[in-house]
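Visitor: pasted the sequence and its predicted model underneath.
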Amino acid sequence: MDIFDRIEQSLDTLRPYIASHRGNVEVVDFDEGEGTLLVRLGGTCQGCSASTVTLKQGIESRLRAMVPEVRHVEAV
């Protein structure tokens, strides 16, 4: 399984929670050298004041635990 498959599989564990708030998350790019994953938050997550918390404490912490190559997650 390649790294993008593992990232998507990890995000799939979070998508039901994000969708319950009418939001979504999409992978844009991953820089393997830097360990930086770029994601696009959509739906109600876009522009939401809590999206930073969702991004760092939800998405980034889960991905860092499940896909060690991911060190940082940034929204674009």
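Guide: Cool, got the structure.

Visitor: only C-alpha atoms from now on, for both contacts and neighbour counts.
Guide: OK.

Visitor: which helices and strands sit right next to the longest helix along the chain?
Guide: Counting by DSSP state H, the longest helix found in the chain is helix 3-20. Where contact means 3 or more CA pairs under 8 Å, 6 or more residues apart in numbering; DSSP states H and E, helix 3-20 is packed against strand 23-31, helix 61-66.

Visitor: and T44, what does it touch?
Guide: When contacts are counted by CA atoms under 8 Å, 6 or more residues apart in numbering, T44 touches 21-23.

Visitor: repeat that for 6 Å
Guide: If a contact means CA atoms under 6 Å, 6 or more residues apart in numbering, then T44 has 22-23 as its contacts.

Visitor: ok, back up a step: would TSV of the helices and strands packed on helix 3-20 with distance to R40 and mean neighbour count be doable?
Guide: Formatted as TSV, the helices and strands packed on helix 3-20 follow (distance: least, CA to CA, whole Å; neighbours: other CA atoms under 10 Å):
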stretch	distance to R40	mean neighbour count
strand 23-31	5	16
helix 61-66	15	17
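
Visitor: element containing the residue nearest to K56 when sequence neighbours are not counted?
Guide: Closest residue to K56 apart from its sequence neighbours, by CA to CA, 6 or more residues apart in numbering: V73 at 7.3 Å. Assigned by DSSP states H and E, V73 falls within strand 72-75.

Visitor: what pairs with that strand, parallel or antiparallel?
Guide: Counting by DSSP bridges, the strands paired with strand 72-75 are strand 36-43 (parallel).

Visitor: what residues of the partner strand count as buried?
Guide: For strand 36-43, a neighbour-count test (16 or more other CA atoms under 10 Å) marks 36-39, 41-42 as buried.

Visitor: and the contacts of it?
Guide: Here strand 36-43 makes contact (CA under 6 Å, 6+ apart) with 22-30, 71-76.
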